[in-house]
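Q: using only what follows, build the 3D model:
(chains A and B)
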Amino acid sequence: RKEVEQDPGPFNVPEGATVAFNCTYSNSASQSFFWYRQDCRKEPKLLMSVYSSGNEDGRFTAQLNRASQYISLLIRDSKLSDSATYLCVVTPAGPQGGSEKLVFGKGTKLTVNP
Amino acid sequence: NAGVTQTPKFRILKIGQSMTLQCTQDMNHNYMYWYRQDPGMGLKLIYYSVGAGITDKGEVPNGYNVSRSTTEDFPLRLELAAPSQTSVYFCASSRTLSIPQQYFGPGTRLTVT
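A: Numbering: from 1, shown residues only, chains lettered A, B, ... in the order given. Take a look at the predicted model:
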């Protein structure tokens, strides 16, 4: 099982739609979780951290389910500017590495259409 | 703050040439990283550093070298460039283990022909 696996995508949705991405991680000892977005030919940028209690930032909601080892990102009222690739990111823990490193998923591409 | 800066933005190398990709951060972050991203693929960690004078290998270190003489700078050296090293290279930094979020530079697009 890969360390971090994401929905393969791509997702094509109309403006105003609600879209959800899921991500699973293999190491139950992982401590920190993030969603990054990466625009075409640009660097990844931190979108939001993911907390055990769930957190919301405007139209974006992130949730963590430790028991099932998955993370989700919900985008409501999609905008054209939300078009990007969304990366699920986890800090590994245990024998394969410490929390100074992040493990990035391959990303899910979202296109929001007018 | 400029954040993480990388130079050059683009470079074309011939097979067998060498070059250094520069990375500087002005956020006083302890941790710095080098990744490569091939087209349509995820990020792969090349090398990382937890502080000045300390470096360690990541997932794909072969063909690269790094040094960390200061907190701010973390150059990546390519020796004997090969076509397989054609990629986009991102440098990143993070503050501490308790604040592991990484902040990325704009990347260097390298083509080896």
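Q: neighbouring strands - and their directions - for the lowest-mean-pLDDT helix or strand in chain A?
A: One helix or strand of chain A scores below all others by mean pLDDT, DSSP states H and E: strand A:103-104, with a mean of 90. If you go by DSSP bridges, strand A:103-104 pairs up with strand A:84-90 (antiparallel).
Q: contacts for stretch B:48-64?
A: With C-beta atoms under 8 Å, 6 or more residues apart in numbering or on different chains as the test, stretch B:48-64 has contacts from A:100-101, B:30-36, B:44-47, B:66-71, B:74, B:76-80, B:82, B:84-85. Using the backbone N, CA and C atoms, a C-beta is placed for each residue, glycine as well.
Q: residue B:87 against residue B:37, yeah?
A: Yes: the pair residue B:87 / residue B:37 is scored as a contact, 6.4 Å apart, by C-beta atoms under 8 Å.
Q: all strands in chain B, in order from the N-terminus.
A: Per DSSP state E, chain B carries strands over the ranges B:4-7, B:10-13, B:19-25, B:31-37, B:43-51, B:54-57, B:64-66, B:76-78, B:87-94, B:103-104, B:108-112.
Q: just give me how far the second one sits from the chain centre.
A: In other words, strand B:10-13. The chain centroid and the centroid of strand B:10-13 are separated by 15 Å under C-alpha atoms, centre = their mean, to the nearest Å.
Q: tell me which residues of it come out buried.
A: B:11, B:13 (16 or more other C-beta atoms under 10 Å in any protein chain shown).
Q: neighbours of residue B:60, how many?
A: By the criterion of other C-beta atoms under 10 Å in any protein chain shown, residue B:60 has 16 neighbours.
Q: and it, how far is that from residue A:22?
A: Going from residue B:60 to residue A:22 by C-beta to C-beta, to the nearest Å gives 27 Å.
Q: same check, this time on residue A:46
A: From residue A:46 to residue A:22 the distance is 19 Å (C-beta to C-beta).
Q: so who does the closest residue in space to residue A:56 that isn't next to it in sequence touch?
A: Excluding the flanking residues, the one nearest residue A:56 by C-beta to C-beta, 6 or more residues apart in numbering or on different chains is residue A:62, at 7.8 Å. Contact analysis of residue A:62 by C-beta under 8 Å, 6+ apart lists A:33, A:35, A:48-51, A:54-56, A:71-74.
Q: so which bits of chain B are right by chain A?
A: Contact residues, chain B versus chain A (C-beta under 8 Å from any C-beta of the partner chain): B:31, B:33, B:41-43, B:45, B:48, B:50, B:58, B:90, B:94, B:97, B:100-107.
Q: coming back round to it: please name the bridge partners of the residue nearest to residue A:56.
A: With DSSP bridges applied, residue A:62 shows beta-bridge pairing to residue A:55, residue A:73.
Q: repeat for residue A:37
A: What pairs with residue A:37, by the bridge criterion (DSSP bridges), is residue A:45, residue A:86.
Q: my read is that it contacts residue A:84, right?
A: Yes: assessed by C-beta under 8 Å, residue A:37 is found in contact with residue A:84 at 4.5 Å.
Q: any stretches of chain A with poor pLDDT?
A: A:1, A:93-99 (pLDDT under 70).
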